[in-house]
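> predicted structure and sequence below. I'll ask about it afterward.
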Amino acid sequence: MTDAIIDYNARLFRGGIYGRHHSARFGWLREAVGRLGIQRASVIELGCFDARSVDYLPLQIERYVGLDAGWESGVRDGAAYGLDAARERFADDPRFHFVRSISPADIADLEGSFELGICLETLEHIDPALVDDYLAALAEKVTDCLLVTVPNEKGFALLAKTLGAKLLGVNRCSRYSPREFFDALCGRMDRVPRDEHKGFDYAQLGRQIGRHFRQVAIAGIRPKMLPSGWRPTIGIVASH
């Protein structure tokens, strides 16, 4: 394990605009659940990592199952991180269960159903060939609403992120050819090969979700310090 992996939370949720950008997804989660008016619910979360999202759910959790690939989990110097940290934190609470998972079948194998599904900044990292299978499995288990956040990797959002990363000494363009970057700026995502965030199209994901859920609403998420037109992150609310 590298320090970069171990310090995942420190990297993503540090102060400044970068940290606020990544923290905005949790503020959106809290507001979205509040608008749904759910008071009590069983919850399934795909890509739970250390279950940080639990702290932002304004409801009584009756049952929670968190699934994560566990690639950024473990123990070092006596401190757990990632999925292992979640298991340690909730070890004495029988409502919480955590599964190391790399297959949609792990969702299908779970007993019972869940009123609320959560998937934050995860689907863009899943093999595109498997995304539809994951959505189908979630649709079978989630009886009410699925809340999803993903990055906006096209148009002005891509340009703003690229310039911001450059200021931080990170070259986000290294995976793009000049033509691919231009196509992504123009929103022609079908011309950009997928590689994690590269080529990810939230609009296409919205259409995929729409094949499994009856209603799908898509909105931008931004730190309050950014202008209203900036949408570095996308929030999706799907329901049956």
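Thanks, I have the structure now.
> alpha carbons of the one helix or strand K161 maps to, in CSV - could you do that?
Counting by DSSP states H and E, the element that carries K161 is helix 155-167. This file holds the C-alpha atoms of helix 155-167, laid out as CSV (Å, rounded to 0.1, in the frame of the first residue of the first chain):
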residue,chain,number,x,y,z
GLY,A,155,-17.8,20.7,-21.7
PHE,A,156,-17.0,23.6,-19.4
ALA,A,157,-16.8,21.4,-16.3
LEU,A,158,-13.9,19.4,-17.9
LEU,A,159,-12.1,22.6,-18.8
ALA,A,160,-12.5,24.1,-15.3
LYS,A,161,-11.3,20.9,-13.6
THR,A,162,-8.3,20.6,-15.9
LEU,A,163,-7.2,24.2,-15.2
GLY,A,164,-7.8,23.8,-11.5
ALA,A,165,-5.8,20.6,-11.4
LYS,A,166,-3.0,22.3,-13.3
LEU,A,167,-2.8,24.9,-10.6
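> ok, and what's touching stretch 136-144?
Contacts with stretch 136-144, where a contact means CB atoms under 8 Å, 6 or more residues apart in numbering, come from 36, 38, 41, 44, 46, 104-105, 107-108, 110, 113-117, 119, 146, 212-213, 239-240. For glycine as for every other residue, the C-beta is placed from the backbone atoms N, C-alpha and C.
> next step: these restricted to helices.
If you go by DSSP state H, these have L36, A105, I107, A108 in helices.
> didn't V216 look like it was pressed against G210?
Yes: the criterion here is CB atoms under 8 Å, and V216 meets it with G210 at 4.7 Å.
> counting neighbours, go ahead and name the busier of these two.
Ranked by neighbour count (other CB atoms under 10 Å), V216 and G210 place V216 first, with 19 against 15.
> give me the pLDDT value at the more buried one.
pLDDT, V216: 95.
> switch to numbering from 40
Taking 40 as the first residue, the last one we looked at is V255.
> residues of the host helix or strand of it that come out buried?
Using DSSP H and E, V255 sits in strand 254-260. Neighbour counts over strand 254-260 (16 or more other CB atoms under 10 Å) mark V255, I257, G259, I260 as buried.
> same check, this time on stretch 106-113
For stretch 106-113, by 16+ other CB under 10 Å, it's L106, D107, A108, G109, E111, S112, G113.
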